[in-house]
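Peer 1: This is the structure alone, sequence omitted:
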């Protein structure tokens, strides 16, 4: 943590140095930035001025780290200043140009003004094509994740689910940015599993219906991308996560260690004021992978680690 704080702290200081000459003394400390009337109580968030009725924005300005009240235009200026401080301004400008160019291309293609979401979807598709062309498979997978979430927010739940199922199949094949898939890199993200379970519930699907959707989407990419794990095995692994209920007192790591051919593990207690006597007794003990005891109680914070 100290290293990260030092690293990112120094980056921020560099940003401050780069931008300090262009920062302005924007806003008012205790006055309305519009009518300049003194305020008895300083708002900590967006609020209408009791005198002129304009919305005031509460922000910290990079110039001196003071909390000030701003007009809407000043709030936008402060946002740009913070982008300079954090070193993200160039990337944001690049993104804005990309959005503008994509919008112009779609306008010519459609013969009318495209919606903001049409432009965003076109940009995601362009990035997807770029990454697959370069065989940047991990980045390709990440854009697919952006697409799945985009579709979910658009309430296109079925296509969102199809895309999330595809992501899990890619993850089970271990995508890398070095141009290949490796089962040594395979994983399933718990957050994505929960998202899929939520979509299945919203769409009122059963296990069989979900399986059909999985094969509908993933059989095609298995053939096109020549993946090492076939769809049948992929579905069995994903099905276990999605539908087979697990005992909350059984360590989830056990299945993972078994796949890695680990034979023995050591129990590691999480020591503290709330550590129970049962966990203390188990701490440091070794067990065969098939004979690991269940957790002594709900909300147990103990872990198991492999023994080499």
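Peer 2: Cool, the structure landed. Every value quoted in this text rests on a predicted model; they were computed, and no experiment measured them.
Peer 1: Most distant residue from the centre of this protein?
Peer 2: residue 37 (43.3 Å; C-alpha atoms, centre = their mean).
Peer 1: if I pick that one, what's in contact with it?
Peer 2: Each residue near residue 37 by C-beta atoms under 8 Å, 6 or more residues apart in numbering is listed here: 31, 49, 51-52. Backbone N, C-alpha and C define where each C-beta goes, glycine included.
Peer 1: Weed out the non-buried ones from the residues you listed.
Peer 2: 31, 49 (16 or more other C-beta atoms under 10 Å).
Peer 1: Out of the contacts of residue 37, which comes closest to residue 22?
Peer 2: residue 31 (24.3 Å; C-beta to C-beta).
Peer 1: Apart from its neighbours in sequence, what residue is nearest that closest one?
Peer 2: residue 38 (5.4 Å; C-beta to C-beta, 6 or more residues apart in numbering).
Peer 1: was I right about that neighbour contacting residue 49?
Peer 2: No - using C-beta atoms under 8 Å, residue 38 is not in contact with residue 49, being 11.2 Å away.
Peer 1: Domain parsing of the chain, as residue ranges.
Peer 2: Under the assignment automatic domain parsing, the domains of the chain span 14-87, 134-243, 253-306.
Peer 1: Out of the ones you listed, which gets nearest to residue 97?
Peer 2: Across those, closest to residue 97 is domain 14-87 (C-beta to C-beta), at 14.8 Å.
Peer 1: need the helices for the protein, in chain order.
Peer 2: With helices called from DSSP state H, the chain shows them at 2-19, 72-86, 89-110, 116-133, 137-153, 157-172, 190-203, 207-225, 231-243, 253-259, 277-282.
Peer 1: what's the most buried one of the ones you listed?
Peer 2: Comparing the helices of the chain by mean neighbour count (mean count of other C-beta atoms under 10 Å), helix 157-172 comes out on top with a mean of 21.
Peer 1: just checking, what packs against that helix?
Peer 2: helix 137-153, helix 190-203, helix 207-225, helix 231-243 (3 or more C-beta pairs under 8 Å, 6 or more residues apart in numbering; DSSP states H and E).
Peer 1: Same list (the ones you listed) but as TSV, adding mean pLDDT.
Peer 2: Formatted as TSV, the helices and strands packed on helix 157-172 follow (pLDDT from 0 to 100):
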stretch	mean pLDDT
helix 137-153	96
helix 190-203	94
helix 207-225	95
helix 231-243	92
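Peer 1: Take the ones you listed and write them to a markdown table, including distance to residue 299.
Peer 2: A markdown table is the format used below for these (distance: least, C-beta to C-beta, whole Å):
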| stretch | distance to residue 299 |
| --- | --- |
| helix 137-153 | 30 |
| helix 190-203 | 17 |
| helix 207-225 | 29 |
| helix 231-243 | 22 |
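Peer 1: Rebuild the helices of the chain as CSV, extending it with distance to residue 303.
Peer 2: Output for those, formatted as CSV (distance: least, C-beta to C-beta, whole Å):
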stretch, distance to residue 303
helix 2-19, 23
helix 72-86, 35
helix 89-110, 38
helix 116-133, 35
helix 137-153, 27
helix 157-172, 23
helix 190-203, 16
helix 207-225, 31
helix 231-243, 20
helix 253-259, 7
helix 277-282, 11
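Peer 1: Which of those sits closest to residue 57?
Peer 2: It's helix 72-86; of the helices of the chain, that one is closest to residue 57 (C-beta to C-beta) at 4.0 Å.
Peer 1: so where's this protein shaky on pLDDT?
Peer 2: Along the chain, the parts satisfying pLDDT under 70 run over 1-21, 245-249, 252, 308.
Peer 1: Can you give me the distance of the residue lying closest to residue 42 once chain neighbours are set aside to residue 201?
Peer 2: For residue 42, ignoring the flanking residues on the chain, the nearest one in space by C-beta to C-beta, 6+ apart is residue 30 at 5.9 Å. Noted for residue 30: a distance of 51 Å to residue 201, by C-beta to C-beta, to the nearest Å.
Peer 1: and if you look at residue 149?
Peer 2: 17 Å.
Peer 1: swap in residue 229?
Peer 2: 27 Å.
Peer 1: Over to residue 160?
Peer 2: 13 Å.
Peer 1: same check, this time on residue 277
Peer 2: For residue 277, the distance to residue 201 - C-beta to C-beta - is 40 Å.
Peer 1: is residue 48 in a bridge, and if so with what?
Peer 2: residue 55 (DSSP bridges).
Peer 1: Tell me how far residue 119 lies from residue 171.
Peer 2: For residue 119, the distance to residue 171 - C-beta to C-beta - is 28 Å.
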